[in-house]
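In: Below: sequence and its predicted model.
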Amino acid sequence: MIDVKNIRHLYSRAGFGLRFDQLNETANLTIKQAVNKLLLQAEISEPADIIAGNISYKDFLQANEGTKKMFLQEQRQQEKALNIDWINKMSTTKAVLREKMTLFWHNHFACRTQNAWYAQQLNNIQREHAIGNFRTLLIEVAKSPAMLQFLNNQQNQKNHPNENFARELMELFTIGRGNYTEQDVKESARAFTGWGFNKDGKFVNRLNLHDTGSKTFLGKSGNFTGEDVIDMLLAKKETAHFICNKLYRNFVNETPDPAHVDAMANTFFNSNYEIKPLLLFLFNADWFYAEKNMANLIKSPVDFIVGLNRQFYITYQNPDVVLQFERALGQVLFYPPNVAGWPGGRNWIDSSSLMYRIKIPSTVLNGGVIDFSGKVDPEDEAFIASSHKQQQAVVTKVQAGADWDKVLSSIKHLTKNALAQTLLAPALNNNLTAIVNTTADTKTLLVELVSTPEYQLC
Amino acid sequence: MKRRDFLKNTALASGAFLLPSFLKPFEAVASDELTGYKNLVVVQLSGGNDGLNTIVPFGNDIYYQKRPTIGIKQADVIKLNDMQGLNPNLAALKDLYDQGWMSIVNSVGYPNPDRSHFRSMDIWQTGSDANQFLTTGWIGRYLDSNCSTCKDPYTAVEVDDTLSLAMKGAKMKGIAVEDPARLYRSTREPFFKQLVHEHNEAHLNEDNLGYLYKTMIETYSSADYIQQTSKTYNTTALYPQTQFANQLKTVAKFINSGLKTRVYYVSLSGFDTHTTQQNQQGRQLKIYADAVAAFIKDLKQTGKLNDTLVMTFSEFGRRVEQNASNGTDHGTANNVMLFGGKLQKAGIYNNAPNLSQLDNGDLKYEVDFRNVYATVLDKWLEVDNAQVLNKNFTRLNFI
């Protein structure tokens, strides 16, 4: 039987937090069984299919004023719908590990596109291969219109190579800085010449734009293609190491232990970059459950919002509120700050974001009003400029609700201490212990527990 | 030890926040320490303000050739010299210009400019190179730089609900305050009060949990300080009825009440004018100019103008040639506007943008924006700019 601490730890790292009813479900399992269960549940993949098709930019460019405005509005609507759809998926799915890994790849292959159809496509690639094979994932990502556009490979052609994709491929997606030279960037960019997409949003290898000459990359020469370059990068163990280091920082500890990362990298490399064996190794490792690796990570805003949704079965009548939360807390899905992704860790927290975070639970769980305006999204600037609107709506009624009946019925048998232990990763200090002991009303106690700095950690 | 020194050493130096309110320590410390205490006010125009229709190069024919319908007519331009003048919606700035309180630096940008709003804003806010991704902002790194007055979050205040990347350092971050009373109220909810007051010291040393508690306590303490200090001053000057003017009014209140803040940050958005630019931009420019003029005149009245420097920037300027929708698309170099009572070189700082030598239809930058930052850091905030910008940038002579 697993200790509550361990199962909470596993679910907060491999998922989006432990729900009270899962305490029962997992009560008689070992760690190994619990990990297997998570992986089994992750077999289900529910692709996003909220955007029906592509909007033609060509039509847009030729359109008149009114049509252009409608187009921009439609585009914004699609972006919002996609965002909210994913939040809902993460908040309700049984395949938590798949969605958690999708979120990890979303940040690893950070990409922004104004085309929601492309964004959805990339998101589904990351979901489909989230716990599959890293090589397949990488190649599919590299061939997605969203990424081809974002990193300008659409403009990468012989005679005029564009190095943007090749550089980020090495610096951020595979091998990491220090393991390649500027010359490697230049040469590998040539290998990707011709990779692009057509107006239907499909990958095309435009052979007439491809540089067929010999390239010298990582010390070898040949008439390399894009796939060759990717394989040569994967053949270097540094790539396995780079990915594992990042996984470790995201799932275990921001200060990696070199021995643990090495062990992960061996597993990953020896299984030809299969992700599942790596996750099995990670979540079954003794050190994963070591005291120093517990309660030390700051939840990302999405982890925080989704975790709260899951633990209290929250529904939003006005889903825009969720977007406002994302914006105020600094993590809007599909809008990473740049190709390096969200920096994470303490960067999530400043005076205003922390205050905002610790107020969200009481506001949502009590159906309150958030008195907050926040900044305009840069992508909304054109819309604002043309719509005479100086600022976006200031006060948003939250109109959200928890399923309290469900929550309360699932905790009937639990002591107040067990409630605290399920919701909060860190040990309780004297003050919180006193709060737990003196708060008579269970509902109030739950709201208080999730309104603490402790709840920001996992 | 004098009472004032005692307070300074205990309250401010230790960062303790639980001072009995009857001591009223901050005002007491503030008054004579604050002489010559310099403030920087950063104004961000979001969306990419079209600098060419802001400071109009009416003396250059190319301007009118490239902008047959959206160019500001010569007769409407408020002329500053025989080449450049103000958009008529900036009329309120003319008086500031004539008084020697305004300086315009033309053609500010950076190599390999990025025309994406979010990326270019990142570059301006972090002070990075175009191909470099920094996770800290330039003002945040100023706070990190151990400047002698930088130990409190309120050293850099953003009048807003969220904190910009510019204000986030690795160790220190500024604080976002749209409304001091509201921030104060929100930190004083009984449950939060209980969390803040009853924490134990050992807790603060714990890694991330300690960081969260420290941040909460600092916010709690800063909210108190900002609210208590700023409420001692009532603004009498008249400001326009716009949200942006309100934000500057809040900054003026903070400055005039003696808040020990070095950097203030405010933003005005709505400058992404791809269509029917003249009306849209005109409307925003008027909001901007009327508010800035009220702000500068307020500070002049209260004797704080010599201690204040205002710097306005936007993430990029726009293409020289108008587009088919009577608007302009994303471009590159832009002007930076500066205001203050102690400008070394008021007026137009350097040559008007060169419209005959373009880079693919875009202005070529002549001044790296980090030269502007370096000047402000070295000469105004009195910190070595290389410490903040990671390289040494030469300084300009506007202050």
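Out: That came in fine, so what should we check first?
In: near chain B, which residues of the stretch 101-250 of chain A show up?
Out: Within the stretch 101-250 of chain A, the positions adjacent to chain B are residue A:112 by Cβ under 8 Å from any Cβ of the partner chain. (Each C-beta comes from the backbone N, C-alpha and C, glycine too.)
In: Show me where the stretch 101-250 of chain A has its strands.
Out: Using DSSP state E, counting those that start in this stretch, the strands assigned to the stretch 101-250 of chain A run over residues A:195-197, A:203-205, A:215-217, A:220-222.
In: and these, which is most packed in?
Out: Ranked by mean neighbour count, those are led by strand A:195-197 with a mean of 22 (mean count of other Cβ atoms under 10 Å in any protein chain shown).
In: elements contacting that one?
Out: Here strand A:195-197 touches helix A:145-150, strand A:203-205, going by 3 or more Cβ pairs under 8 Å, 6 or more residues apart in numbering or on different chains; DSSP states H and E.
In: Quick check: mean pLDDT of it?
Out: When pLDDT is averaged over strand A:195-197, the result is 96.
In: same check, this time on stretch B:232-243
Out: Mean predicted confidence for stretch B:232-243 is 94.
In: remind me which residues of the stretch 101-250 of chain B are low pLDDT?
Out: Scanning the stretch 101-250 of chain B for pLDDT under 70 picks out B:199-203, B:205-206.
In: where exactly do the helices run in it?
Out: Listed in chain order, the helices of the stretch 101-250 of chain B (DSSP state H, counting those that start in this stretch) span B:117-126, B:138-144, B:180-187, B:190-197, B:201-205, B:207-230, B:243-256.
In: Arrange the helices and strands packed on strand A:195-197 in JSON lines, one row each, with mean pLDDT as further columns.
Out: Formatted as JSON lines, those follow (pLDDT from 0 to 100):
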{"stretch": "helix A:145-150", "mean pLDDT": "95"}
{"stretch": "strand A:203-205", "mean pLDDT": "97"}
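In: So which of those is nearest residue B:180?
Out: Closest to residue B:180 of the helices and strands packed on strand A:195-197 is helix A:145-150 (Cβ to Cβ; 40.8 Å).
In: Packing partners of that closest one?
Out: With 3+ Cβ pairs under 8 Å, 6+ apart as the test, helix A:145-150 has helix A:116-128, strand A:195-197 packed against it.
In: what's near enough to touch the residue nearest the centre of chain A?
Out: Computing the C-alpha centroid of chain A and ranking residues by Cα atoms, centre = their mean puts residue A:103 first, at 2.3 Å. Taking Cβ atoms under 8 Å, 6 or more residues apart in numbering or on different chains, we find residue A:103 in contact with A:90, A:302.
In: Also residue A:319?
Out: Counting by Cβ under 8 Å, 6+ apart, residue A:319 has contacts A:80, A:84.
In: Report the buried residues of the host helix or strand of residue A:35.
Out: Using DSSP states H and E, residue A:35 sits within helix A:31-41. Residues of helix A:31-41 classed as buried by neighbour count (16 or more other Cβ atoms under 10 Å in any protein chain shown): A:31, A:34, A:35, A:38, A:39.
In: Off-centre distance for that helix?
Out: From the chain centre to the centre of helix A:31-41 is a distance of 21 Å (Cα atoms, centre = their mean, to the nearest Å).
In: Report the angle between the helix or strand harbouring residue B:280 and helix B:243-256.
Out: Element membership for residue B:280 (DSSP H and E) is helix B:277-302. Relative orientation of helix B:277-302 versus helix B:243-256 (axes from the mean of the first three to the mean of the last three Cα atoms, to 10 degrees): 20 degrees.
In: Now helix B:277-302: average pLDDT?
Out: Throughout helix B:277-302, pLDDT has a mean value of 97.
In: Name the next helix or strand following that helix along the chain.
Out: Moving toward the C-terminus from helix B:277-302, the next helix or strand (DSSP H and E) is strand B:308-314.
In: Name the SS class of residue A:340, please.
Out: coil (DSSP: H, G, I helix; E, B strand; the rest coil).
In: I'd like to know how many residues surround it.
Out: By the criterion of other Cβ atoms under 10 Å in any protein chain shown, residue A:340 has 17 neighbours.
In: re the thing from before, out of the helices and strands packed on strand A:195-197, nearest to residue A:266?
Out: Residue A:266 lies closest to helix A:145-150 among the helices and strands packed on strand A:195-197, at 29.0 Å (Cβ to Cβ).
In: quick one: contacts for the residue most central in space within chain B?
Out: Among the residues of chain B, the one closest to the centroid is residue B:42, at 0.9 Å (Cα atoms, centre = their mean). Neighbour list for residue B:42: B:139, B:166, B:263, B:264, B:265, B:266, B:310, B:311, B:313 [criterion: Cβ under 8 Å, 6+ apart].
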